[in-house]
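S.K.: I would like to see how this sequence folds:
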Amino acid sequence: MITAAQALSAVPSGLRDPLISEYQSIVQNFLEHRWLPSELSGGRFSEIVYTILDGHAKKSYAAAPSKPSNFVEACRKLESNTQPHIPRSFKILIPRIMPALYEIRNNRNVGHVGGDVDPNHMDSVAVLSMCNWMMAELVRVFHGLTVAEAQKVVDALAEVRIPVVWSDGGVKRILRPELKLQEQILLLIAVSVPDVSSKQLAEWIEYDDPKYFMRTLRALHTKRFVEFTETTDRVKILPPGAKFVQDLVRKKNLSNI
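M.R.: Just a heads-up that it's a prediction; the model follows:
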């Protein structure tokens, strides 16, 4: 599978790298229930996307992201672009989503004090969803992928970093071995996007009872915490499993190892 950097190779690195970095920051802060930085990053993300869309329309990209003095008006102007090389999503959909994303940053007590709503889970879900969709659409357009293919590329970016999981790039270890087996399994799957093999999980955990390990993994599949395809030996996290990991990280303070 191609990487996001490869899929966005048409975008100069001065914009591509901040875009990927900001998206990963949003995902990471959301996992750790850090609503304020997650929502702040949503504002920065929208500024980067605007700079990319503006550069694409002009066929000349800025060297670095910039913030227009009137963000909402600048997004409206993107809708007036009539050049045939600009896809409709770059003229209508994304320019209309970005002001909503920016509104959360500016007027929901995030970027400035005095908003009527404090940073919260509901707003952060909205930020993550909007950014995820825009990221996938950028990948789809710039690399000519299908929607499903583009989403897989973006999902691979969502690999989270949890301090309790140590990695040297090849081996991963849980630094709190007293955690229950199912907790260790779910933590390792959560940081192994898009999926991982059961064999790899068993090697990382070094559990001394292979049969019990497989029973536990199958039970997680039955509970719909993970999707375990035994014919291909691939395991991926499902939304209930991701929610379990979020709660586990917070309750057991696994972000401070």
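S.K.: how about low-confidence regions in the stretch 1-150 of the chain?
M.R.: Applying pLDDT under 70 to the stretch 1-150 of the chain flags residues 1, 31-40, 105-120.
S.K.: how does it look with 50?
M.R.: Low-confidence segments of the stretch 1-150 of the chain, defined by pLDDT under 50: 108-118.
S.K.: Now do the helices in it.
M.R.: 4-7, 13-31, 35-58, 71-78, 88, 94-107, 121-143, 147-157 (DSSP state H, counting those that start in this stretch).
S.K.: Of the ones you listed, which stretch is the most buried?
M.R.: Ranked by mean neighbour count, those are led by helix 35-58 with a mean of 22 (mean count of other Cβ atoms under 10 Å). Just so you know, the C-beta spots here come from the backbone N, C-alpha and C atoms, and that holds for glycine as well.
S.K.: Make TSV out of the helices of the stretch 1-150 of the chain and add distance to Pro239.
M.R.: TSV is the format used below for these (distance: least, Cβ to Cβ, whole Å):
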stretch	distance to Pro239
helix 4-7	22
helix 13-31	13
helix 35-58	18
helix 71-78	31
helix 88	30
helix 94-107	22
helix 121-143	12
helix 147-157	13
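S.K.: What pLDDT is listed against Glu227?
M.R.: At Glu227, the model reports a pLDDT of 95.
S.K.: in the sheet, who's paired with it?
M.R.: Lys236 (DSSP bridges).
S.K.: Identify the residues contacting it.
M.R.: Listed by Cβ atoms under 8 Å, 6 or more residues apart in numbering, the contact set of Glu227 reads His221, Val235, Lys236, Leu238.
S.K.: wait, which of those is closest to Pro12?
M.R.: Nearest to Pro12, judged by Cβ to Cβ, of the contacts of Glu227 is Lys236 at 32.7 Å.
S.K.: tell me which of the contacts of Glu227 is nearest to Gly14?
M.R.: Of those, the one sitting nearest to Gly14 (Cβ to Cβ) turns out to be Lys236, at 33.2 Å.
S.K.: Could I have the CA atoms of stretch 88-108 written out in CSV?
M.R.: Presented in CSV, the C-alpha positions along stretch 88-108 are these (Å, rounded to 0.1, in the frame of the first residue of the first chain):
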residue,chain,number,x,y,z
ARG,A,88,-15.8,20.0,-7.3
SER,A,89,-14.8,18.9,-3.8
PHE,A,90,-11.9,21.5,-3.9
LYS,A,91,-14.4,24.2,-4.9
ILE,A,92,-17.5,23.4,-2.9
LEU,A,93,-17.3,20.6,-0.3
ILE,A,94,-13.9,21.3,1.4
PRO,A,95,-14.3,25.2,1.3
ARG,A,96,-17.6,24.8,3.1
ILE,A,97,-16.4,22.4,5.7
MET,A,98,-13.3,24.4,6.6
PRO,A,99,-15.2,27.4,8.1
ALA,A,100,-17.1,25.0,10.4
LEU,A,101,-13.9,23.5,11.5
TYR,A,102,-12.4,26.9,12.0
GLU,A,103,-15.5,28.0,14.0
ILE,A,104,-14.9,25.3,16.6
ARG,A,105,-11.3,26.6,17.0
ASN,A,106,-12.3,30.2,17.3
ASN,A,107,-15.7,30.4,19.0
ARG,A,108,-16.0,27.3,21.2
